[in-house]
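[1] have a look at this fold, sequence not included:
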């Protein structure tokens, strides 16, 4: 069955439709071309673009990426937290073995918390929908 982009597109937000559609369609393997458009200079009204615009656009782009490539977002976050846990544990174990610490892991809650959060984040991506 042949589906069109209208059957599979997803807009997670109500802002910056153009960027969302272009990003979503690109990640779904759609092809598109550029068509030149001519604009006239505004003579009345004001622009909706303010200093808040980049923050709203960034949030919408992240939401599109989560929808089409969740492993890129959640996998990266999960691996980062796992690396933090391993790094802290390694440093503290080294300090224990060279005699600079009384316990093997001084911050067990921090190591366990970051490690478990990292594992849960990675497994969240792989769980069935």
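    Arrived safely, thanks for sending. The model shown is predicted, which means the values in this text are computed figures rather than measured ones. Numbering: from 1, shown residues only.

[2] need the pLDDT of residue 128.
    At residue 128, the model reports a pLDDT of 53.

[3] kindly report the same for residue 54.
    Listed pLDDT for residue 54 reads 78.

[4] ditto for residue 64
    Turning to residue 64, the model gives it a pLDDT of 74.

[5] give the buried residues for the strand or helix carrying residue 78.
    For residue 78, the host element (DSSP states H and E) is helix 76-97. For helix 76-97, the neighbour count (16 or more other Cβ atoms under 10 Å) marks 77, 78, 81, 82, 84, 85, 88, 89, 92, 95 as buried. All C-beta atoms are positioned from the backbone trio N, CA, C, and that covers glycine.

[6] which of the residues you listed sits closest to residue 124?
    Nearest to residue 124 among the buried residues of helix 76-97, counting by Cβ to Cβ, is residue 78 at 7.8 Å.

[7] no more questions from me, cheers.
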